[in-house]
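Visitor: Predicted model, plus sequence, below.
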Amino acid sequence: MNRSTFWHLIERTQEEKHGDQEKQIALLREQLLHLSLEELQSFAHIVDELCSESYRPLLWAAAYLMNGGCSDDGFEYFRGWLIAQGATVFSQAVNDPDTLADVIPSHQRDLPESDFECEEILFLAQHVYHEKTGEEMPSPHRLKYPSLTREEIHLITDDVAVAQACPRLWALFHYKA
């Protein structure tokens, strides 16, 4: 499986979910059931690559702002949510997290309990693999995330820096953080 095929699967389920993330995961699971074991492994590898590519301090700051806080696990789940939004949203957000202000549904903007997380997508291929074989998916060499500097870590919770870097997200979500 290449990235084009990967994104096609994500975007097809994104279009059919009608605002329901659980429905998207169920639809994606149905799609994955038709893949070969090698394709499932490739799907899982692409998810890992995308998580590594999106391990960026300003994106973590956006996740912190949008979710009213964000642990390292929370940032992992946020990136799962980001992947579930599709290729365009993903690539735009990696390059400029403030673009996420354009994709947040208005009904989620004002709810303090809204979360922008999707843990399920991170391990969906592994679960389908286990369902099909009764065995765990062989673990390829996990990608390492880049190390963050002390300054980059500080950026995640620096209100002034986040407000300057992501003014539209700040305007929508600063009351939650």
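Guide: Yep, that arrived. Numbering: from 1, shown residues only.
Visitor: Figure out how far the helix or strand containing residue 8 is from the centre of its chain.
Guide: If you go by DSSP states H and E, residue 8 is part of helix 3-16. Centroid separation between helix 3-16 and its chain, computed with C-alpha atoms, centre = their mean, to the nearest Å, is 14 Å.
Visitor: And stretch 58-72, by the same measure?
Guide: Chain-centre distance of stretch 58-72: 12 Å, with C-alpha atoms, centre = their mean.
Visitor: For the next helix or strand after the helix holding residue 8, which helices and strands make contact with it?
Guide: Sequence order places helix 21-32 as the next helix or strand after helix 3-16, per DSSP H and E. Judged by 3 or more C-beta pairs under 8 Å, 6 or more residues apart in numbering; DSSP states H and E, helix 21-32 is in contact with helix 3-16, helix 72-84, helix 119-133. For the C-beta atoms, the positions are set from N, CA and C on the backbone; glycine is no exception.
Visitor: which other residues reach helix 21-32?
Guide: The contact list for helix 21-32 (C-beta atoms under 8 Å, 6 or more residues apart in numbering) reads 9-10, 12-14, 16-17, 40, 43, 81, 84, 118, 120-121, 124-125, 127-128.
Visitor: Run through the chain and note the low-pLDDT ranges.
Guide: Within the chain, the stretches with pLDDT under 70 are 105-114, 141, 176-177.
Visitor: biggest helix in it, by residue count?
Guide: Ordering each helix of the chain by length in residues (DSSP state H) puts helix 37-53 first.
Visitor: quick one: buried residues of that helix?
Guide: Applying a neighbour-count criterion of 16 or more other C-beta atoms under 10 Å, one finds 39, 40, 41, 42, 43, 44, 45, 46, 47, 48, 50, 51 buried in helix 37-53.
Visitor: Isn't the third one up against residue 129?
Guide: Yes - in this structure, residue 41 is within contact of residue 129 by C-beta atoms under 8 Å, at 7.3 Å.
Visitor: Now do the shared contacts for those two.
Guide: Residues touching both residue 41 and residue 129 by C-beta under 8 Å, 6+ apart: residue 137.
Visitor: Find the nearest non-adjacent residue to residue 100, please.
Guide: Leaving aside its sequence neighbours, residue 100 sits nearest to residue 93 (C-beta to C-beta, 6 or more residues apart in numbering; 5.2 Å).
Visitor: secondary structure element for the one you found?
Guide: helix 87-95.
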